[in-house]
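Enquirer: kindly return the folded structure for what I paste below:
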Amino acid sequence: MSVDPVTGEVRDDDLEGGGETDVAVALPVRRYTAVAAAGRKAPLVGADKVTAVKVPARLVRLAEAVVERGPLVPYLESLLPAQDRRPTGGRTRVLQVRALVVALLLLALTEQAMIVRDAVALLNGLHPSTKYRLGIPRAVTERMFSRLFNQIAHAVDPSPHSPHNAQARRAAHDEIRAAHPGPENKDLRRGLHEAVREAHAAELLERLARLRYVLDRGLDATLPDEPHTGSYAIDSSEVPSWAHQFHRQPKLPAHISDPDARWNARGAGWFGYWLHGVVRVNEVGGPDTPCLVERIELTAANADIRVAGLDVLTRMVADHERADTAVGRPHRPRRDVLADRAYTSEVGRADDWIWPLFALGFDSVHALTEDQLGQGRRPLTNGAIVIDGQPYSPRLPHHLRDLTPPKIGSPKAAITAYQEQVALRATYALHAVGGRRDDGGWDFGCRAMSLLGSLRCDLKPQSLVKPPTVRRPTTDPTVFAPRRKPAICGQQKSRVQMTELPFWQPLPHGSAAWYDSFNRRNRIEGIFGNVKNDAAQNVTRGRFRVMGLAKVSLMTLFITMAANLRLTQTFQARQEKAAADAAREAAGHVRQRRQPRFHTRLRTEMSARIAAEKELAAAGDARAAGPPGP
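Expert: From the prediction side, this is the model:
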């Protein structure tokens, strides 16, 4: 049953319809040229035709439920000027924040471009009962929508170079000069100008906190209620600005069309922003979990991704602790953070990523660079050697010290052979006694210590009492013959500080268990692939035509929220299908296999013929190698 959006009366002509139905909204089809091929003579192409976009009623209900789930809308309303008892008079705003947020989320869910004009058309094309429920006026104009969106963006804009903030700062300084002219007030003006700068910086920090709160609460509304298991992957991806990409930018940021965007020369280069994302990953051997974005952050394209990544993780941990305390449950676990070499590429340094992660309660799972692989330049203070970031006995055989990992895309056989070589080091690896300490240090012991006894070494005579076996080898004295026993050989355990093992991780680099753990990082690549897929949400240049950190962040937020909702539905459908298949198999139903395609049958037939020829050739070789005879 539909209701008039203005009067609230039930429409007589809709009483027989039965209820709210799907609607079709006419939106322009926006086609874009590839960014790499765009140039001065190849601008982006605008709308060339109109298509009817179907907006199902269930999708509208989903968007409403997500928006109402958290405090996002009330918080945005609190940032805007009050609409009652306005001292300046003027017309009262008729478009509500809730309607704006639902419209932008619906645009992203229907996989359309995030254009203000399209959002207006979407609101005007909704079902009358939906418009009444959302408080949408009879006719929404582009002016209504864009003004409300700009008000929200200004309230959360942390940029010192945006026109709105720069103009307010200049006006404050001009007011000081006009109120205190003359050389005799020079010192007074200097103090007032400094106070204005400090107040302006504090206000920008507050707006940055507002923007981050909006991003966090928006994503929280798309996540399940159950806390995550504790492992995450983090990465960054480029978001090109709507500003022109291929002309020289002015030196002053205030003169740039997108004052917050910067140039990055990585790859082909782009002018815009970094999109930093923290994605949930499942535990090794644990149940499957949906791959959802937990937190996002946008920075200029020339920003340090490690600083931004730590800020996002710190904010996430603080939100988790606050939420757990509010409901009276123990703090959720923190396990692994998986990142690529861009976060750990500093040779010999871990104070900018790995150690801060440990301070947050996480363990870093990372791939080592060529400079970080192999044996360390000097042994530890206790006499142990460092191989691929891990401590080992100085009796480790030389042929196991420098192992070259297979390149990306190597065949499975090469990876398995490398893992087998790494597994041979396990007997000589030092054992952490009692786990890691709060200061990041460990108490390590050799495998020949009496507690373990899994290695026989003449430097620990008590270990020679046990007989040698395949799993209890005897060390080679010629590998390491010290004049004086180091601490690792003369003591049962010895202390190793965190600074001596900057690239330590829970699993040895290159082991089969490490591969299983690190391969979970591919899930964040899948997330960015989903967000940037031109058949889905499509975060590419031209998808939203706004500029500035605040506006680009808001548009990216709704696109990421839509991706989370879509991936959640896909995961639930996959789980339901798996449960239904398991139930059918348990009931005795045989799954019908489709007939193989022609090329599959042909390959299978040729493989069988090749195998038969190999058997005949092998039989002939065996007969030729045997004794002569009939």
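Enquirer: which parts of stretch 481-489 are buried?
Expert: Neighbour-count burial for stretch 481-489 flags 486-489 (criterion: 16 or more other Cβ atoms under 10 Å). (C-beta placed from N, C-alpha, C; glycine too.)
Enquirer: return the member of those nearest to residue 313.
Expert: Closest to residue 313 out of the buried residues of stretch 481-489 is residue 488 (34.2 Å), distances taken as Cβ to Cβ.
Enquirer: how about the secondary structure of the closest one?
Expert: helix (DSSP: H, G, I helix; E, B strand; the rest coil).
Enquirer: distance of it relative to residue 385?
Expert: Distance, residue 488 to residue 385, by Cβ to Cβ, to the nearest Å: 10 Å.
Enquirer: ok so residue 277 is a strand residue?
Expert: Yes: assigned with three-state DSSP, residue 277 falls within a strand.
Enquirer: please tell me I have it right and residue 386 contacts residue 508.
Expert: No: using Cβ atoms under 8 Å, residue 386 is not in contact with residue 508; the gap is 12.0 Å.
Enquirer: ok, the nearest residue to residue 260 once chain neighbours are set aside - contacts?
Expert: Excluding the flanking residues, the one nearest residue 260 by Cβ to Cβ, 6 or more residues apart in numbering is residue 549, at 4.0 Å. Residue 549 sits next to 157-159, 162, 211, 260, 273, 298, 300 when contact means Cβ atoms under 8 Å, 6 or more residues apart in numbering.
Enquirer: which of those residues sits closest to residue 580?
Expert: Distances from residue 580 to the contacts of residue 549, taken as Cβ to Cβ, are shortest for residue 298 (40.8 Å).
Enquirer: tell me if that closest one really is in a helix.
Expert: No: note on residue 298: no helix contains this position according to three-state DSSP, which reports strand.
Enquirer: count the residues that sit near it.
Expert: Residues lying near residue 298 (other Cβ atoms under 10 Å) number 25.
Enquirer: one more: residue 177?
Expert: Residue 177 has 12 nearby residues by other Cβ under 10 Å.
Enquirer: same thing with residue 124?
Expert: Neighbours of residue 124 under the rule other Cβ under 10 Å: 16.
Enquirer: re the thing from before, now do the residue nearest to residue 260 against residue 600, distance only.
Expert: Counting by Cβ to Cβ - residue 549 and residue 600 are separated by 52 Å.
Enquirer: ok so, going back, any common contacting residues for residue 488 and residue 385?
Expert: Listed as contacting both residue 488 and residue 385 by Cβ under 8 Å, 6+ apart are 393-394.
Enquirer: okay, buried residues for the longest helix along the chain please.
Expert: Longest helix in the chain, counting residues (DSSP state H): helix 549-586. Using 16+ other Cβ under 10 Å as the test for burial, helix 549-586 gives 549-568, 571.
Enquirer: quick one: low-confidence residue ranges for this structure.
Expert: Residue ranges of the chain with pLDDT under 70: 1-20, 29-50, 83-90, 246-249, 629-630.
Enquirer: can you give me the helices in the stretch 51-200 of the chain?
Expert: Here the stretch 51-200 of the chain has its helices, by DSSP state H, counting those that start in this stretch, at 57-69, 72-79, 97-109, 116-124, 128-134, 142-155, 163-179, 186-220.
Enquirer: could you list the buried residues of the fourth one?
Expert: I take that to be helix 116-124. Across helix 116-124, burial judged by 16+ other Cβ under 10 Å covers 116, 118-124.
Enquirer: packing partners of it?
Expert: The helices and strands touching helix 116-124, judged by 3 or more Cβ pairs under 8 Å, 6 or more residues apart in numbering; DSSP states H and E, are strand 23-30, helix 97-109, helix 142-155.
Enquirer: what's the longest one packed up against?
Expert: This points to helix 142-155. helix 72-79, helix 97-109, helix 116-124, helix 549-586.
Enquirer: same thing but at 6 Å, please
Expert: Here helix 142-155 touches helix 116-124, going by 3 or more Cβ pairs under 6 Å, 6 or more residues apart in numbering; DSSP states H and E.
Enquirer: do you have the helices of the stretch 301-450 of the chain handy? List them.
Expert: Using DSSP H, counting those that start in this stretch, helices in the stretch 301-450 of the chain cover 305-327, 354-360, 412-423.
Enquirer: quick one: which of these is nearest residue 266?
Expert: Using Cβ to Cβ, the nearest of the helices of the stretch 301-450 of the chain to residue 266 is helix 305-327, at 10.5 Å.
Enquirer: can you name the residues in contact with that closest one?
Expert: The contact list for helix 305-327 (Cβ atoms under 6 Å, 6 or more residues apart in numbering) reads 234, 236, 276, 278, 295, 297, 299, 331-332, 343, 352-353, 356, 360.
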